[in-house]
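Q: Any chance you can model this:
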Amino acid sequence: MPAATQPVAAIPTDRPLAQLRRGALRVVALTLLLSTAGVYEARKLVGLTSPEIWIHLRTGLWILQHHSIPRTGLFSQSANLPWCNSSWGFDLLLGAGYRFFGLRAIPFLLVAFKVALALMLFVLSRTACARFWTAIVLSTLGQLVIWHLLPLPYVFSILFFAGELALLVRSRQTGNLRNLFWLPLIFAFWANLHIQFVAGLLLLALFVVSTALDNVLLHTRKHWLSPRIRALDPTAVSIVFFSSLVGSLANPYTFHVISEFRTLYSDVGFEHFSEMTSMSFRRPQEFVLMLLVMIAFLALGRLRALDLFQSLALVAGTLIAFRVERDAWLAVLPAIVVLSGAFVSERPETAPSGIISPKRRSIATALVTCAVLLLATTTLVPGSNRLMGKITTSFPVRACDYIRTNHLPQPIFNAYVWGSFLTWYLPEYPVVVDSRVELYGDNLLTSYFDLVGGKKLLESEPMVSGARTLLLERDSAMAKALTNLPALRAQYKLVYSDDLASVFVPASGR
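A: Residues are numbered from 1 along each chain as shown. Predicted coordinates:
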């Protein structure tokens, strides 16, 4: 009888409630991680301000119309130049989305990109078995650093690079090569989406080298290596590398596309494009990146043994990221891997069971996240007509309408920043230049920028002297010269102007 009065029933009733609260909190945290950036994009529509998105849209529509892959300089006055469009797969995806959703396809795509980035950062943070809340913090910091995401092909490179890094690190932890067998297939897709698949091949080459050195150290200085590392067969890893290299050739341009990688770091890019400059450390995100990298190096230094691959990846990524602001993610991803391993506890994280099992938490998170994003995109993203009104605030829509309505003569000379937009909105006027650096090359682009920068006389360049219509930024130095200098005012006449653009024609042609 006394045994019946003992409070034994309180334990099983209280424990499920506590587990339920912890599980619900994790679902909420992961949902916020995955959906916050996407909801922000649905509200702000940042993707529509990208100057480069329009050439990808125009190319994708051309591919759908002609059922062919472009090989020359379409939509340009340099139509005879050869063109390896390494992102044709992205262009096709964007063009198909545009046919279904109109201009809404652009913000929809960026929302999907931001969700995918948050998910990949979380997966990467959990690669070294970091605890849930540690992974949430690292993933959030990663999103803060990779903040200015645009709906462009390079996002695929970030996602594939993160996935590749997770596979490589996991194979070193388990000593199992089966995960690496996905890499040739990954590179076959990657090589048709963005040129920075070459960076993925270089990362894999570092993995081959570090694997060979690991095996040497295991036979000579075993105590130098981290106990988390498992020996891999260097020959098998080399076979994976060469298979991935062959897989990357499964594209319409075969090995020629690899040669286009150098255009990402061309001289004209370093001289004229702000995203190619070194970090100025004037924005909070740059300081967060610096702290991430510094803490990652400190974490490597505190290890009692060497993790050669993670060290090489972090050093290489840091050297590139701090030299080229655009490629900050090359340092962020290895830093997250290093830090995820640095915060692993000796006591394994217990997995809840029952109604809050990991599988059920994942399903609940997926359902809630999809519901939040669906609600955000349907209520916050307006229709194509209103989106076109937003585009008008950033691009010369009214000036293009004037040119088309009044049938101004060709050829046109255009501002560089608007070249890609003109290929989509004013396709009947081939542009003199747009954002395809790989098409025009350093020589042509250098001549263009020297011309608009005042280093050359206008009449000395055929691209201006032969132009019959000039579409320029209203506040550009060239537009001000044509408006204010008497000698140029006698040669060119201003026929249209608004708060964004000015349109000139030769005075003798009016």
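
Q: Skipping adjacent residues, who's closest to residue 204 in space?
A: Of all residues beyond its chain neighbours, the one nearest residue 204 is residue 241 (5.2 Å), with distances taken as C-beta to C-beta, 6 or more residues apart in numbering. Every residue, glycine included, has its C-beta placed from N, CA and C.

Q: Counting neighbours, what do you get for that neighbour?
A: The criterion is other C-beta atoms under 10 Å. On that basis, residue 241 has 19 neighbouring residues.

Q: and the host helix or strand of it, which residues are buried?
A: In the assignment (DSSP states H and E), residue 241 maps to helix 234-248. Of the residues in helix 234-248, 234, 237, 239, 240, 241, 243, 244, 245, 247, 248 count as buried by neighbour count, 16 or more other C-beta atoms under 10 Å.

Q: Flag whichever of those residues scores worst on pLDDT.
A: Across the buried residues of helix 234-248, the smallest pLDDT goes to residue 234, namely 88.

Q: now the residue lying closest to it once chain neighbours are set aside: how far from residue 246?
A: In space, and not counting its chain neighbours, residue 234 is closest to residue 212: 4.5 Å by C-beta to C-beta, 6+ apart. With the distance defined as C-beta to C-beta, to the nearest Å, residue 212 ends up 21 Å from residue 246.

Q: just residue 498 next, same as before
A: Residue 498 sits 53 Å away from residue 246, taking C-beta to C-beta as the criterion.

Q: before we move on, what about residue 37?
A: With the distance defined as C-beta to C-beta, residue 37 ends up 36 Å from residue 246.

Q: got the phi/psi numbers for residue 72?
A: phi -130, psi 180 (degrees, to the nearest 10).

Q: Now do the contacts for it.
A: Contact criterion C-beta atoms under 8 Å, 6 or more residues apart in numbering gives 79, 80, 81, 82, 83 as the residues in contact with residue 72.

Q: Now secondary structure, distance to residue 73 and neighbour count too, for those residues, in JSON lines please.
A: Written out in JSON lines, the entries for these read as follows (DSSP: H, G, I helix; E, B strand; the rest coil; distance: C-beta to C-beta, whole Å; neighbours: other C-beta atoms under 10 Å):
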{"residue": "79", "secondary structure": "coil", "distance to residue 73": "5", "neighbour count": "12"}
{"residue": "80", "secondary structure": "coil", "distance to residue 73": "7", "neighbour count": "8"}
{"residue": "81", "secondary structure": "coil", "distance to residue 73": "4", "neighbour count": "15"}
{"residue": "82", "secondary structure": "strand", "distance to residue 73": "8", "neighbour count": "11"}
{"residue": "83", "secondary structure": "coil", "distance to residue 73": "5", "neighbour count": "20"}
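
Q: out of these, who's nearest residue 108?
A: Closest approach to residue 108 among the contacts of residue 72 (C-beta to C-beta): residue 83, at 27.6 Å.

Q: Test my guess that that closest one contacts residue 438.
A: Yes - counting by C-beta atoms under 8 Å, residue 83 does reach residue 438; the two are 7.2 Å apart.

Q: Remind me which helix or strand the closest residue to residue 59 other than its chain neighbours belongs to.
A: Excluding the flanking residues, the one nearest residue 59 by C-beta to C-beta, 6+ apart is residue 91, at 4.2 Å. Taking DSSP H and E as the definition, one finds residue 91 inside helix 88-101.

Q: center of this structure, which residue is that?
A: In the chain, the residue lying closest to the centroid (C-alpha atoms, centre = their mean) is residue 155, at 2.4 Å.

Q: That residue should be in a strand, yeah?
A: No - note on residue 155: no strand contains this position according to DSSP: H, G, I helix; E, B strand; the rest coil, which reports helix.

Q: From residue 380, how far out is it?
A: For residue 155, the distance to residue 380 (C-beta to C-beta) stands at 21 Å.

Q: Residue 24 too?
A: Residue 24 sits 26 Å away from residue 380, going by C-beta to C-beta.

Q: The two: which has the busier surroundings?
A: residue 380 (16 against 13).

Q: ok, now which ones touch the more buried one?
A: Counting by C-beta under 8 Å, 6+ apart, residue 380 has contacts 39, 42, 43.

Q: Throw these into a markdown table and include pLDDT and secondary structure, thanks.
A: Supplementary listing: the contacts of residue 380 in a markdown table, determined by pLDDT from 0 to 100; DSSP: H, G, I helix; E, B strand; the rest coil:
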| residue | pLDDT | secondary structure |
| --- | --- | --- |
| 39 | 95 | helix |
| 42 | 94 | helix |
| 43 | 94 | helix |
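
Q: Give me the buried subset of the residues you listed.
A: Judged by neighbour count, with 16+ other C-beta under 10 Å as the criterion, the buried members of the contacts of residue 380 are 39, 42.

Q: Domains in this protein, by residue range?
A: 116-349, 395-509 (automatic domain parsing).

Q: What's the local residue count around the closest residue in space to the residue nearest to the centre of the chain that isn't next to it in sequence?
A: The spatial neighbour of residue 155 that comes closest, neighbours along the chain excluded (C-beta to C-beta, 6+ apart), is residue 113 at 4.6 Å. The burial count assigned to residue 113 is 22, neighbours taken as other C-beta under 10 Å.

Q: Now do the SS call for residue 113.
A: The three-state label for residue 113, taken from three-state DSSP, comes out as helix.

Q: which residues touch it?
A: So residue 113 contacts 149, 151, 155 (C-beta under 8 Å, 6+ apart).

Q: Equivalent analysis for residue 143, please.
A: 33, 37, 117, 118, 121.

Q: go with 7 Å
A: With contacts defined as C-beta atoms under 7 Å, 6 or more residues apart in numbering, residue 143 is in contact with 37, 117, 118, 121.

Q: Check for me that the last one belongs to a helix.
A: Yes - Residue 121: assigned to a helix according to three-state DSSP.

Q: Run a quick neighbour tally on it.
A: Residues contacting residue 121 under the criterion other C-beta under 10 Å number 28.

Q: Can you give me the distance of it to residue 292?
A: The spacing between residue 121 and residue 292, counted by C-beta to C-beta, is 12 Å.

Q: where do the strands sit along this protein?
A: For the chain, applying DSSP state E gives strands covering 412-414, 469-473, 492-497, 501-506.

Q: Next, format those strands as TSV and append distance to residue 96 and mean neighbour count.
A: Written out in TSV, the entries for the strands of the chain read as follows (distance: least, C-beta to C-beta, whole Å; neighbours: other C-beta atoms under 10 Å):
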stretch	distance to residue 96	mean neighbour count
strand 412-414	28	25
strand 469-473	30	23
strand 492-497	35	17
strand 501-506	31	22
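
Q: what's the closest of these to residue 191?
A: Across these, residue 191 has its closest neighbour in strand 412-414 (31.2 Å, C-beta to C-beta).

Q: Pairing partners for that closest one, with directions?
A: For strand 412-414, sheet partners with direction are given as strand 469-473 (parallel), following DSSP bridges.

Q: which residues sit against the partner strand?
A: With contact meaning C-beta under 7 Å, 6+ apart, strand 469-473 is reached by 396, 399, 403, 408-410, 412-415, 418, 478-479, 492, 501-505.

Q: Where does pLDDT dip in the stretch 301-450 of the chain?
A: 303-305, 343-356 (pLDDT under 70).

Q: give me that answer again for 50
A: Under the criterion pLDDT under 50, the flagged ranges of the stretch 301-450 of the chain are 346-347, 351-354.
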